[in-house]
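J.: Sequence and predicted structure are below.
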Amino acid sequence: MGETVIKTDKLTKRFGDFIAADEITFEVEKGEIFGFLGANGAGKTTAMRMLCGLSIPSSGSATIAGFDVYKQTEQIKRNIGYMSQKFSLYEDLTVIENIKFFGGIYGLTNLQIKTKSDELLHNLGLEQEAKKLVASLPLGWKQKLSFSVAVLHEPKIVFLDEPTGGVDPVTRRQFWDLIYNAADRGVTIFVTTHYMDEAEYCNRISLMVDGKIKALDTPRNLKNTFGVETMDEVFYKLARGAKRGD
Amino acid sequence: MRTIKFLLQKEFRQIFRNRAILAMVMVMPVMQLLILPLAANYEVKNVNIAVIDNDHSSYSQKLISKITASGYFKLTGYDFSFKEAFKLIESDKADLILEIPHGFERNLVREDEQKLFIAVNAINGTKANLGGVYLTGIIKNFNADVRVQLVQPGKFNQQPTITIASSNWFNPYLNYHVFMVPGILAILVTMIGGFLTALNIVKEKEVGTIEQINVTPIKKHHFILGKLIPFWILGNVVFTLGLIVSWLIYGITPLGNILLLYAFIAVYLLAISGFGLLISTFCDTQQQAMFVMFFFMMVFILMGGLFTSIDSMPDWAKFVTKFNPVAYLIDVMRMIVLKGSGFKDIAKQLGTIGLFAVVLNSWAIINYKKTS
């Protein structure tokens, strides 16, 4: 077993009477691709925001890259990358300006920024678009750019909140190539998705229903446990009983 | 420091790409300074007056021609009954009714006494009030003329008259431009510094980009400074533009030290931008920020001493104006621009605004939460 980079114990977030995330307990190893599944409203984003240091938990404990989610949120932020569900790069800046800005904010040197951004543009095939405003890019490219910016500062863990929502199958495939590349470099990937084919790409999967984690295992073991052929069926069996949703 | 450089670079790129904002920043000071001082004037002209002349004497004619010749009044009705004249007020055709009683001339000459009746339409308070005052002045004047003509000046002046001669210092011709321009300049600087900063962070909240910032290890005070500095610079640019316009168009140049004026503006812009930033940390949408800012701006400006004198406000209102940054700015602007006041004269105001700047910006930094 490798080193544990995410460790949560009974992590809970309440908004008044509503328990968005209910005693979540799991561990993620370094370099793992961890799929975080659940129906809409199951509490995935809430859980992820707590892990990123964007939201303080109501109770329970968690450490990210060895840092405490209550007290060391700023150290956590130094060690993670985050890509929110909603596209959140600056649309009124160009591709290269966005890359340079976030590189600068994370404290990269000018040389690092230069080499990183060249490499990034090359890998994404965005050399021609470098000086175009981000607003003018198609969604698939925006998402790939977003991901690349999130891993620009070489974080230990990257959190992806539905990174491929609304993206065409070809681009999704390319997106997962980016994810695999990052994982090969030792970056831990924590990803939420609604696509069950993508779930199959993950090393391990947790499935959240109504704020609780109902299942956690490799895709293969999950299918065996529930005696079904596809992840779709696993999801359906578990999420069918959900009371929350949209 | 390097972080701030990146933040400023980003902010200025966004400002220069936002043509609408840029145009507003450049056009607003010029247009407002060109139009407002010419239109907004405390002097009341064109007061509509209806005269009911029951006397039809040469004196009543004299009085009426004196009124119309003053230039303040427009005779919109003559020779009605009071009932008819009142209808003119009801239909907004007249602001004042002057009723000259029957036997006006005779009583004035013989009995040395006469009564006139003035009815004022107080819907438009300022106009009616000032109109009433003007009219009283004219009648007094008329009365004095009549006395001189009629009464042989005796050995002893039976009715000693006090004549008041007033001299208006610092603005000798009571030129309203001179009075208004520094005030409008003050409001402009306030609008740019306050509104733009208030809307900026909230826009990032609305679009969602702030989430990407909050997940970086950026320091809170760096982020706030990165928002404060661009609009501070922009405010100074607008102020300079305004000064140039008021010099070119109205020939108004600060009587005092221009560097002192800039020093005060520099501190003031920090304070008002800090206020905008503070508001933005409380609001989630640009709509909210806009309304909250508007509320405060209305209070600040109406209680800032530009339109009404702070000295004539009730005590509680005077107390409130102590917390109104705009009141300090308007005060200092007039002191330096019109009166030529020096550092000693404005030191107190400068200190207070400096305190505002420190408190508001610190509060904004504390209240800006990267983690909810």
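T.: That came through fine. Numbering: from 1, shown residues only, chains lettered A, B, ... in the order given.
J.: is the helix or strand where B:I192 lies anywhere near chain A?
T.: Per DSSP states H and E, B:I192 falls inside helix B:176-207. Yes. Helix B:176-207 lies within reach of chain A by C-beta under 8 Å from any C-beta of the partner chain, at B:V207. All C-beta spots, glycine's among them, are computed from the backbone N, C-alpha and C.
J.: now the helix or strand just after that helix: mean pLDDT?
T.: Sequence-wise, the next helix or strand downstream of helix B:176-207 (DSSP H and E) is helix B:209-214. On average, the pLDDT along helix B:209-214 is 92.
J.: Same question for stretch A:196-214.
T.: Across stretch A:196-214, pLDDT averages out at 89.
J.: For that stretch, give the distance from the opening residue to the closing one.
T.: One end of stretch A:196-214 to the other measures 17 Å (C-alpha to C-alpha, to the nearest Å).
J.: okay, the nearest residue to B:T308 once chain neighbours are set aside: pLDDT?
T.: Excluding its sequence neighbours, the residue lying closest to B:T308 (C-beta to C-beta, 6 or more residues apart in numbering or on different chains) is B:L302, at 7.6 Å. You'll see B:L302 listed with a pLDDT of 87.
J.: How about A:K13: which residues does it bridge to?
T.: A:A21 (DSSP bridges).
J.: Near it, how many residues? Count them for me, please.
T.: By other C-beta atoms under 10 Å in any protein chain shown, 22 other residues sit near A:K13.
J.: Just the buried positions in whichever strand or helix holds B:K140, please.
T.: Element membership of B:K140 [criterion: DSSP H and E] is helix B:125-150. Buried residues in helix B:125-150, counted by 16 or more other C-beta atoms under 10 Å in any protein chain shown: B:127-128, B:130-132, B:134-135, B:138-139, B:142, B:146.
J.: before we move on, back to that, tell me which residues of the helix holding B:I192 are tucked away?
T.: Judged by neighbour count (16+ other C-beta under 10 Å), helix B:176-207 contains these buried residues: B:177-207.
J.: Remind me what it packs against, helices and strands.
T.: Under the contact criterion of 3 or more C-beta pairs under 8 Å, 6 or more residues apart in numbering or on different chains; DSSP states H and E, helix B:176-207 touches helix B:19-39, helix B:209-214, helix B:220-250, helix B:258-282, helix B:286-302, helix B:325-334.
J.: just the CA coordinates of the last one, formatted as PDB?
T.: Extracted C-alpha coordinates of helix B:325-334, given in PDB (Å, rounded to 0.1, in the frame of the first residue of the first chain):
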ATOM      1  CA  PRO B 325     -17.000  60.500   4.100                       C
ATOM      2  CA  VAL B 326     -18.600  62.500   1.300                       C
ATOM      3  CA  ALA B 327     -19.300  65.400   3.700                       C
ATOM      4  CA  TYR B 328     -15.600  65.600   4.500                       C
ATOM      5  CA  LEU B 329     -14.600  65.500   0.900                       C
ATOM      6  CA  ILE B 330     -17.000  68.300  -0.200                       C
ATOM      7  CA  ASP B 331     -15.900  70.400   2.700                       C
ATOM      8  CA  VAL B 332     -12.200  70.000   2.000                       C
ATOM      9  CA  MET B 333     -12.700  70.400  -1.800                       C
ATOM     10  CA  ARG B 334     -14.400  73.800  -1.200                       C
END
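J.: Quick check: next helix or strand after that helix?
T.: In N-to-C order, the element after helix B:325-334 by DSSP H and E is helix B:343-367.
J.: Show me what counts as buried in that following helix.
T.: By 16+ other C-beta under 10 Å, the buried positions in helix B:343-367 come out as B:345-346, B:349-350, B:352-353, B:356-357, B:360-361, B:364-365.
J.: Pipe the residues you listed into a markdown table and attach pLDDT and distance to B:F73 per row.
T.: Shown next, in a markdown table, are these (pLDDT from 0 to 100; distance: C-beta to C-beta, whole Å):
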| residue | pLDDT | distance to B:F73 |
| --- | --- | --- |
| B:D345 | 89 | 42 |
| B:I346 | 91 | 42 |
| B:Q349 | 93 | 42 |
| B:L350 | 95 | 46 |
| B:T352 | 95 | 45 |
| B:I353 | 95 | 44 |
| B:F356 | 96 | 46 |
| B:A357 | 95 | 49 |
| B:L360 | 95 | 49 |
| B:N361 | 94 | 53 |
| B:A364 | 93 | 53 |
| B:I365 | 92 | 58 |
